[in-house]
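Enquirer: Got a predicted structure plus its sequence, pasted below:
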Amino acid sequence: METPDYGNWVPQKIMHISLLASIVSFLLTLLNNIQLLDTALAISSLGFLSLFIYLRYVHWLLEKDGQAMQKQFWNLLIEHLQWDGAGDALDIGTGNGPLAIFLAKKYPTSTVKGIDYWGNPWTYSKEKCEINARIEYVSNRTSFERASAVSLPFDDEVFGAVLSNFVFHAIKGEDRVQLIAEALRVLRKGGAYAFQDLFNDEFYSNDFLEVVRSWGLREVNFVESLEYVYVPFALKMKHMTGGSGILYGIK
């Protein structure tokens, strides 16, 4: 029996690079005769090895029990989407399509589009989205296309719901609040939105909520994700789930 492949938030490519860097640094340490450089290379080797062990452990945490840890966050986001399931929804940064597929399964009359830029370092793809949708029996109500969250290829106010999960912080060189504004542009008046992201001070300013509220949306709410889900200490780092939250409401 086929099972869907929704991927893992920790790319295997990053793990492999950190392990390779550790091995190369260790080999250079053995070949080097300069004491100061030798010490620096040894420290680098240990650092890369520690990174590999940490990433491998987190990858395992996210995979175990049928990806229960990731599903906690997916389900939490969908629970905060105040949508009746009528019409079309957009999943921004769909990855391998879990949110789009879960949403289509929850609302049998809905149609859901997932967009993503795909590519390195993750192994997500449009093909995997379509395979997963077929396995989950929602391929007739889901579609997937390559597109950028920076400039969505849709007219204003065409979707009844828009959601995104841990995507905006990963788009480098962009104002994350403007990414939220772009997502809301394609949402109809009265439509529901829910965005889960790392809303910590590394990615968002302290007043980002006030900025969003100034746009005149009907409803703006915010909750911290870790108040609703349990994650081990290793997953509470800033670049993992530390500071994660859900911005949700009605346009």
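Expert: Yep, it's here.
Enquirer: Which phi and psi values does Ser244 adopt?
Expert: Here the main-chain torsion angles of Ser244 (degrees, to the nearest 10) amount to phi -70, psi 150.
Enquirer: how far away is it from Phe166?
Expert: As judged by C-beta to C-beta, to the nearest Å, Ser244 and Phe166 stand 7 Å apart. Bear in mind the C-beta positions are built from the backbone N, C-alpha and C, glycine included.
Enquirer: ok, the spatially most central residue of the chain - contacts?
Expert: In the chain, the residue lying closest to the centroid (C-alpha atoms, centre = their mean) is Phe166, at 3.0 Å. Contact analysis of Phe166 by C-beta atoms under 8 Å, 6 or more residues apart in numbering lists 9, 73, 93, 196-198, 244.
Enquirer: helices and strands around the particular helix or strand that has Lys113 in it, which ones?
Expert: In the assignment (DSSP states H and E), Lys113 maps to strand 111-116. The contact analysis (3 or more C-beta pairs under 8 Å, 6 or more residues apart in numbering; DSSP states H and E) places strand 111-116 against strand 88-92, helix 98-106, helix 126-135, strand 142-146.
Enquirer: That one pairs with which strands, parallel or anti?
Expert: Take DSSP bridges as the rule and strand 111-116 pairs in its sheet with strand 88-92 (parallel), strand 142-146 (parallel).
Enquirer: Helices along the protein, start to end?
Expert: 12-31, 35-79, 98-106, 126-135, 176-185, 208-213 (DSSP state H).
Enquirer: Make CSV from the ones you listed and add distance to Glu202 and mean pLDDT to it.
Expert: As requested, the helices of the chain are exported to CSV (distance: least, C-beta to C-beta, whole Å; pLDDT from 0 to 100):
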stretch, distance to Glu202, mean pLDDT
helix 12-31, 18, 74
helix 35-79, 18, 82
helix 98-106, 24, 97
helix 126-135, 29, 97
helix 176-185, 10, 96
helix 208-213, 12, 96
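Enquirer: Mean neighbour count, the strands paired with strand 111-116: which tops it?
Expert: strand 88-92 (a mean of 25; mean count of other C-beta atoms under 10 Å).
Enquirer: Let me know the angle separating that strand from helix 126-135.
Expert: 140 degrees (axes from the mean of the first three to the mean of the last three C-alpha atoms, to 10 degrees).
Enquirer: who touches strand 88-92?
Expert: 83, 97, 99-100, 103, 110-115, 149, 152, 154, 158-165, 167, 183, 186-187.
Enquirer: Spell out for me the ChimeraX command that would select the buried members of those.
Expert: Remark: buried members of these, expressed as a ChimeraX selection using 16 or more other C-beta atoms under 10 Å:
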select :83,97,99,100,103,110,111,112,113,114,115,149,152,154,158,159,160,161,162,163,164,165,167,183,186,187
